[in-house]
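Chemist: Structure for this input, please:
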Amino acid sequence: MSSPKVLFGFHAVGVRLKTAPQSIVEIYFESTRRDARMRQFIERAQEAGVRLIEADSMRLAKLAGSHGHQGVAARVETLPQAHSLDDLLDQVQGPPLLLVLDGVTDPHNLGACLRVADGAGAHAVIAPKDHAAGINATVAKVASGAAETVPYFMVTNLARTLGELKERAIWVIGTSGDASKNIFQVDLKAPVALVLGAEGPGMRHLTRKTCDELVSIPMQGAVESLNVSVASGVCLFEAVRQRLA
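Modeler: Numbering: from 1, shown residues only. Sure thing, here's the model as predicted:
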C-alpha cells in the first residue's frame, strides 16, 4: 500500500469522507472550533467510524503545509485509478470528453481546472510530466474534492499522447487567441479532447501543431485572455451544453 498523503479543508476532506471513508487513516480537527460546520463535519466522521484527533491550528498548518486548512486535515491512502489512459478510455460510455493542459504549472490553477473538469463531467485531465503541476495538498484544497474524482494523467510525451487520441477518433481541439473559428462554432458532441495552454505563453509549438483544429474564445472586453481555469470552464461547459441539447 502506498504511503498516506494529506488532504485539508472541509471540501477536500469531506469528499473523501463521502466517497471512500475506509481510505482515511485519521482526521485532525481544530479543537477550539465549535461552529455548526465543524460540529456537522465531526458527526459525519464519527458516523463513518473514522479516527478523530484533536489538534491546534499550528499543528494543522504544519501537517497541511498551509494556514488555509479551515481547521481540518486528514491523512489518507491514495485511491486506485485506471492504470493508464488507455484503460480509462476503454471503460468510457459514450463520447469521451477530455481536458488537456499544456504548461499549467501553478497548483492553484490546476486545482481550479480539476474542479471545473469534475463539474463538467470530463472523463480525465491530461498533462505533460515536464511542464505541469502534480497533485499535492494545495491542488486538492483548491479542487474542493475534484482531485479525488477526476483522473489526472501526467504523460511523458504530450504530442505522442495526442496522436494516440486521434487514432481513437478523438478530435483534438486546441485553443488560441488568433484562431479564425471560435469555440461556439465547432461540434463538441463527438469524442473530443480540449487543449489549453498556460495563460500568457499558451500551448507549446509542437502541441499546437498536433491539434486537429484551433479555436478561440471570443473576447468582448479590454482583456485579451482568460485564466486557464476560466477558459477550461467556458470550453468544457460549451461541450456540455451541446451534448445536453
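Chemist: alpha carbons only for contacts and neighbour counts from here, please
Modeler: Will do.
Chemist: element containing Phe153?
Modeler: strand 152-155 (DSSP states H and E).
Chemist: Which residues does that strand contact?
Modeler: For strand 152-155, contacts defined as C-alpha atoms under 8 Å, 6 or more residues apart in numbering pick out Ser84, Leu85, Ala124, Val125, Ile126, Ala127, Pro128, Lys129, Ala132, Thr161.
Chemist: Out of these, which sit inside helices?
Modeler: When DSSP state H is applied, these are split such that Leu85, Thr161 fall in helices.
Chemist: CA atoms only for the helix or strand bottoming out on mean pLDDT in the chain, dumped as PDB, please.
Modeler: For the chain, the helix or strand with the lowest mean confidence is helix 146-149, at a mean of 82 (criterion: mean pLDDT, DSSP states H and E). Extracted C-alpha coordinates of helix 146-149, given in PDB (Å, rounded to 0.1, in the frame of the first residue of the first chain):
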ATOM      1  CA  ALA A 146     -12.200  17.000  -7.600                       C
ATOM      2  CA  ALA A 147      -8.600  15.800  -7.200                       C
ATOM      3  CA  GLU A 148     -10.200  12.700  -5.800                       C
ATOM      4  CA  THR A 149     -12.700  12.200  -8.500                       C
END
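Chemist: so where's this structure shaky on pLDDT?
Modeler: 1-3, 81-82 (pLDDT under 70).
Chemist: cutoff 80 now
Modeler: Where the chain drops to pLDDT under 80, the residues are 1-4, 79-83, 144-145, 148, 199-201, 224.
Chemist: Tell me the residue in it that is farthest from the middle.
Modeler: Thr32 (32.1 Å; C-alpha atoms, centre = their mean).
Chemist: Now do the SS call for it.
Modeler: Following DSSP: H, G, I helix; E, B strand; the rest coil, Thr32 is assigned to coil.
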